[in-house]
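> Could you work out the structure for the sequence below:
(one chain, ligands or ions: 1)
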Amino acid sequence: MAPTSPIPVSSDAPSSATAPCVAISGAGGSLGRALLRRWHGRGARLIALSSSEAPITLHCAAGRAIPLRQVRWQVGREEELRSLLAEVDVLVLNHGLNVHGDRSPEAVLRSLEVNALSSWRLLELFAAVARERQLRPGQPRPELWLNTSEAEIQAAVSPLYEISKRLIGQLFSLRSLDLADGAGGPLRLRRLVLGPFRSELNPIGLMGADWVAGQILRQAVDWNCGLVIVTPNPLTYLLMPLATLGRWGYMRLTSAAAAAAAENGDGQLRNRGR
Ligand SMILES: NC(=O)c1ccc[n+]([C@@H]2O[C@H](COP(=O)([O-])OP(=O)(O)OC[C@H]3O[C@@H](n4cnc5c(N)ncnc54)[C@H](OP(=O)(O)O)[C@@H]3O)[C@@H](O)[C@H]2O)c1
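Residues are numbered from 1 along each chain as shown. Predicted coordinates for the structure are as follows:
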């Protein structure tokens with residue numbers, strides 16, 4: 001099945017009840033704030049998902065305060081977002097941390113939980129909520145955007161960052177086989193693969209977060225790309241599509257959806273019983 005058309009947005013439109021509702025995790029960080037500003041410029045209603053209580057206040061280029069709803073969430077308590085997610089049209093999973101050279105057990109746990117497992121749980125939760133949603137005729141499917149990193153396929157001088165980003169990147173590929181609209185699933189999925197930009201997580205990044213956010217929206221919304229790549233590294237534009245295509249083929253051949261796996265298991269039991 002071909003992917004559905006993207007969530008309709010208008011340029012510089014003021015938010016209205018019919019505007020898409022966009023929720024962004026890691027909202028207090030550099031890219032989270034930049035994405036919120038950019039989505040505001042496209043008329044979206046905004047939900048800032050933050051693990052912090054510090055208020056997020058943003059202003060548009062004209063100096064006016066940007067209206068947004070700030071919601072606190074915590075890794076491990078994703079289920080508490082269930083009712084909120086029912087009203088979300090685009091969920092951007094953007095939270096993340098980098099423990100750099102730390103390889104302690106605590107750093108392993110934090111990296112896996114924050115960078116990988118919480119995003120996987122939110123993906124499954126959003127898919128479950130999307131399955132229950134009654135779509136009007138012509139209404140696009142809810143979208144989930146996952147911000148992984150170039151570290152999915154390249155060195156980031158931070159082993160646990162690489163391990164956790166590769167894990168979520170691979171889980172995303174695996175579960176896309178059932179959850180993506182192109183496979184009959186309930187969600188339009190987009191993967192964001194970004195190169196180094198300046199933020200608390202990476203103070204020496206080459207690109208600016210605002211520019212990166214602009215490029216993300218251009219590729220995802222204007223061009224309807226499922227694989228969004230923003231980096232000065234030309235190798236990523238070659239290797240990332242190959243990596244995702246290779247994974248898709250390999251995972252499709254070597255795994256099965258829940259119903260098929262159960263059927264297969266029954267068949268094996270029946271054969272053993274003969
Ligand atoms: N900077 C780069 O060079 C680069 C390159 C490729 C990909 N990325 C990815 O881009 C995303 C945004 O990063 P950024 O560069 O904008 O960094 P950032 O400014 O540090 O923002 C990351 C945000 O993630 C949230 N977060 C951190 N620890 C968390 C925790 N324990 N539980 C829940 N949320 C937590 C925080 O937002 P709240 O306080 O609002 O929860 C934090 O501000 C990350 O996923 C990162 O891996 C960054």
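> The nearest residue to Leu84 once chain neighbours are set aside bridge partners, please.
The shortest distance from Leu84 to any non-neighbouring residue, by Cβ to Cβ, 6 or more residues apart in numbering, is to Val71 (6.2 Å). Heads up, the C-betas are built off the backbone N, CA and C, glycines and all. For Val71, the beta-bridge partners are Leu49 (DSSP bridges).
> what's the distance between Val71 and the ligand?
10 Å (Cβ to the nearest ligand atom, to the nearest Å).
> and if you look at Pro241?
Using Cβ to the nearest ligand atom, Pro241 is found at 17 Å from the ligand.
> Show me where the stretch 1-150 of the chain has its strands.
For the stretch 1-150 of the chain, the strands defined by DSSP state E, counting those that start in this stretch cover 21-25, 45-50, 69-72, 90-93, 143-147.
> Dump these to a markdown table, plus mean pLDDT.
Shown next, in a markdown table, are these (pLDDT from 0 to 100):
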| stretch | mean pLDDT |
| --- | --- |
| strand 21-25 | 98 |
| strand 45-50 | 98 |
| strand 69-72 | 98 |
| strand 90-93 | 98 |
| strand 143-147 | 98 |
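> neighbours around Ala256, how many?
Ala256: 14 surrounding residues under other Cβ atoms under 10 Å.
> how about the residues of the stretch 151-274 of the chain that lie near the ligand?
Residues of the stretch 151-274 of the chain found near the ligand (Cβ under 6 Å from any ligand atom) are Leu194, Pro196, Phe197, Ser199, Glu200, Leu201, Asn202, Gly205, Ala209.
> For those residues, which two are the farthest from each other?
Leu194 and Glu200 (15.0 Å; Cβ to Cβ).
> quick one on the thing from earlier: pretty sure the residue nearest to Leu84 contacts Leu46?
No - using Cβ atoms under 8 Å, Val71 is not in contact with Leu46; the gap is 10.6 Å.
> related to what we said a few turns ago, which ones among the residues of the stretch 151-274 of the chain next to the ligand lie within strands?
Leu194 (DSSP state E).
> Let me know the closest of the residues of the stretch 151-274 of the chain next to the ligand to Leu242.
Leu242 has its nearest neighbour among those in Leu194, at 18.0 Å by Cβ to Cβ.
> Make JSON lines out of the strands of the stretch 1-150 of the chain and add mean neighbour count.
Rendered in JSON lines, the data for these read as follows (neighbours: other Cβ atoms under 10 Å):
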{"stretch": "strand 21-25", "mean neighbour count": "26"}
{"stretch": "strand 45-50", "mean neighbour count": "23"}
{"stretch": "strand 69-72", "mean neighbour count": "14"}
{"stretch": "strand 90-93", "mean neighbour count": "26"}
{"stretch": "strand 143-147", "mean neighbour count": "24"}
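> export the ones you listed to CSV and tack on distance to Ala61?
Putting the strands of the stretch 1-150 of the chain into CSV (distance: least, Cβ to Cβ, whole Å) gives the following:
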stretch, distance to Ala61
strand 21-25, 19
strand 45-50, 16
strand 69-72, 21
strand 90-93, 21
strand 143-147, 24
